[in-house]
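> Test case, fold it:
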Amino acid sequence: MNTFAAIKKTLFAGTFALPLILAGCFEGKQADMHGAHASDQPAAGTALTQGAAETVKPSPADGREVTLTAQESTLDAGQGRKLPVWTFNNSVPGPQIRVKQGEMVKITVKNTLKVPVSLHVHGYPLPFEMDGIPGVSQNAIAPGKSFTYAFKATVPGTYWYHSHQNSVKQVDMGLYGSFVVESEEDVIDRDYTLVLDEWMSGGMDAESGGHEAESPGHDERGMDMPGMDMNDHDMQGMDMGAGNESGASAGHDMSGGHDGDASMGHDMSMYDLYTINGKTYPASEPLIVKEGDIVRLRLVNAGYMSHSLHLQGHRYRIVATDGNRIANPEWVENKLLAIAPGERYDIEFEANHPGTWLLDEHSDNPVANNMKIAIQYENAPSSQKEQEQDDSAQMLETVDMTKYGKPEKGKFSLNDQYNLEYTMDLGTSRRNGEMVYTINGKVFPDTDPVKVKTGDKVKVHFVNSSAGEDHPMHLHGHTFQVLSKNGTPLGGAAEYKDTLNVKPGEDYVVAFEANNPGDWMFHCHDLHHAAAGMVTELKYTDFNNTFEPDPNAGNMPE
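The predicted structure is shown next:
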């Protein structure tokens with residue numbers, strides 16, 4: 001019996017909504033994994049830790065050799081909201097790792113938390129052994145231990161990194177940051193990265209350090225995998241149904257156990273604090289520009305909800321999506337840009353309208369008023385500084401990416417001959433008293449993998465049959481081209497992505513080349529959905545998976 005089958009038999013019998021365990025292959029470089037037992041892990045993350053340092057401003061780091069330390073911290077998000085968080089290098093987001101195209105990257109993760117962690121560079125076509133998936137390409141990094149990720153930065157663009165160990169919790173707690181590979185083709189004067197996220201702040205008592213059941217994350221229990229109590233796992237209180245009123249991707253009601261009433265829904269109202277780079281408005285630091293500057297904004301959604309952003313006072317163009325350049329991008333003005341969980345968009349604008357303006361979210365959810373940041377011109381006269389305005393209630397059209405940019409022929413087309421065609425019906429159902437998220441009616445690990453061999457051309461058809469929930473589907477290790485939406489071929493520039501948001505009732509066709517051998521995850525990046533079953537694998541039949549995961553490492557890859 002292979003390692004995947006053994007773990008599957010041990011952990012998944014009789015349950016659907018369970019943190020995901022996979023198997024994989026890599027002789028990892030982790031220092032002294034022995035002794036990293038699940039019994040060492042506390043029920044963590046529900047209160048401000050006495051003496052935890054307050055976070056500092058994120059700083060850039062040279063990715064040619066950088067150390068990221070996972071640690072407990074306290075985030076002052078603004079408005080008097082102090083949150084217990086887990087961070088890389090005591091900042092939310094963690095340091096931006098920057099390298100130039102062609103350079104070698106060396107990232108050492110040092111774990112000072114009381115739970116195992118990992119590091120996954122989201123969207124980057126890494127070698128399989130560097131993908132950072134516990135139980136798949138490495139064992140989780142035990143408390144007090146470290147692991148070094150090394151690879152060559154061959155592909156420029158905007159990416160992000162995050163823990164992939166129990167990621168539904170650990171990303172929620174703040175274990176993420178941005179990763180940028182610079183290209184010589186970039187000609188810009190100002191370069192800002194903005195990471196979007198949502199938090200739970202209900203019940204916080206910053207004075208005493210107390211914290212109610214709601215917290216930025218949920219209880220990391222049930223990590224002693226063999227013989228674990230299937231009813232006492234991380235997804236307690238999971239009851240998911242309708243989406244929220246803003247139309248964003250939904251999340252869990254994690255405020256406690258549920259009573260089995262389906263009407264409770266997949267409630268995102270627990271996320272009552274939205275941030276950009278860890279700060280709510282007006283605590284967020286303004287973006288300083290000078291008249292005449294060409295400004296790039298790298299937008300990263302590290303949260304579990306979609307956000308629609310408006311750039312005031314300027315036209316802009318979308319120059320890249322998920323790190324991939326868009327040929328001949330067109331200028332747009334007074335249009336919203338929708339960014340789903342896991343997606344990245346690079347936009348550029350010319351600073352030609354002096355004053356103070358906002359990049360803000362437009363939504364009927366009042367919490368969205370937190371998600372804005374000022375764009376401030378140097379030496380702007382005081383009269384011009386009064387231009388900043390709240391226009392979040394204004395009804396604006398959203399950029400249609402299927403028609404964006406000058407039409408061009410891409411690498412693939414709908415009429416090509418493909419070695420494999422695979423349909424993913426993305427659904428929701430209720431089983432054993434829990435809501436689960438399915439692919440073709442199955443939940444992981446019983447979903448059917450996409451089996452390929454190196455060099456295959458693959459077509460995937462996404463169909464969202466869920467009644468009210470978005471599914472931002474993310475493929476590890478590869479980039480796919482979007483070919484059609486709802487049966488209509490794309491009418492704009494060729495669009496290449498690694499994360500694609502499929503809304504209820506929508507269907508998309510995408511294609512990619514199987515050019516990176518390994519066993520790769522293919523999952524919804526609303527990580528609540530992934531943890532409740534919406535995961536499959538891209539498995540290369542000509543790849544020999546020899547990694548033997550440590551059963552005592554507490555590997556929880558989703």
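
> contacting residues around the closest residue to V289 other than its chain neighbours?
Leaving out its chain neighbours, the residue that sits closest to V289 by Cβ to Cβ, 6 or more residues apart in numbering is A351, at 4.2 Å. Using the backbone N, CA and C atoms, a C-beta is placed for each residue, glycine as well. With Cβ atoms under 8 Å, 6 or more residues apart in numbering as the criterion, the residues that contact A351 are R190, V289, K290, E291, G292, D293, I294, V295, H314, Y377.

> now do N516
By Cβ under 8 Å, 6+ apart, the contact list for N516 reads P125, P127, F128, G477, H478.

> so for stretch 279-299, what's the average pLDDT?
With pLDDT averaged residue by residue, stretch 279-299 scores 97.

> how distant is it from the center of its chain?
Put simply, stretch 279-299 sits 22 Å off its chain's centre (Cα atoms, centre = their mean, to the nearest Å).

> Same check on stretch 323-337?
Its chain's C-alpha centre and that of stretch 323-337 lie 21 Å apart, by Cα atoms, centre = their mean.

> what about that stretch, how long is it end to end?
Start-to-end span of stretch 323-337 (Cα to Cα, to the nearest Å) is 16 Å.

> which other residues reach that stretch?
In contact with stretch 323-337 (Cβ under 8 Å, 6+ apart) are residues 123-124, 155-159, 181, 299, 308-311, 314-320, 344-345, 347, 362, 396-399, 404-406, 408, 479, 493-498.

> Can you name the residues in contact with stretch 479-496?
123, 125, 321-322, 324, 326-329, 401-414, 459-460, 497-498, 500, 506-512.

> Buried ones among the contacts of A351?
Buried by 16 or more other Cβ atoms under 10 Å: R190, V289, D293, V295, H314, Y377, out of these.

> And the furthest pair within those?
Using Cβ to Cβ, the buried ones among the contacts of A351 reach their maximum pairwise distance at R190 and H314, which is 12.8 Å.

> so L475 bridges to which residues?
Under DSSP bridges, the beta-bridge partners of L475 are F522.

> Need the pLDDT of it.
Looking at L475, its pLDDT stands at 98.

> now swap in G80 and tell me
87.

> Quick check: phi and psi on it?
Main-chain torsions, G80, degrees, to the nearest 10: phi 70, psi 10.

> quick one: it and Y377, what's the gap?
Using Cβ to Cβ, to the nearest Å, we find G80 at a distance of 30 Å from Y377.

> Kindly report the same for E350.
For E350, the distance to Y377 (Cβ to Cβ) stands at 12 Å.

> Check the secondary structure at the spatially most central residue of the chain for me.
Central residue of the chain (Cα atoms, centre = their mean): G342, 3.5 Å from the mean position. Under the three-state scheme (DSSP: H, G, I helix; E, B strand; the rest coil), G342 adopts coil.

> Contacts only, for it.
H122, G123, N301, P472, H474, T499, H525.

> Need the pLDDT of the closest residue to the last one other than its chain neighbours.
If you skip the residues right next to it in sequence, H525 has G342 as its closest partner in space, 3.6 Å away by Cβ to Cβ, 6+ apart. According to the predicted model, the pLDDT of G342 comes to 98.

> And for Q481?
Predicted confidence (pLDDT) for Q481: 98.

> got it, and the one 5 residues further on?
Predicted confidence (pLDDT) at N486: the value is 98.

> K290 contacts Y377, correct?
Yes - here K290 lies in contact with Y377, judged by Cβ atoms under 8 Å, at a distance of 6.8 Å.

> the helices in the stretch 51-200 of the chain, which residues?
Secondary structure of the stretch 51-200 of the chain (DSSP state H, counting those that start in this stretch): helices at 167-173.

> now the chain
Here the chain has its helices, by DSSP state H, at 3-12, 167-173, 527-531.

> what's the last one packed up against?
The one in question is helix 527-531. Helices and strands touching helix 527-531, by 3 or more Cβ pairs under 8 Å, 6 or more residues apart in numbering; DSSP states H and E, are helix 167-173.

> and if we set it to 10 Å?
Under the contact criterion of 3 or more Cβ pairs under 10 Å, 6 or more residues apart in numbering; DSSP states H and E, helix 527-531 touches helix 167-173, strand 434-439, strand 471-475, strand 519-524.
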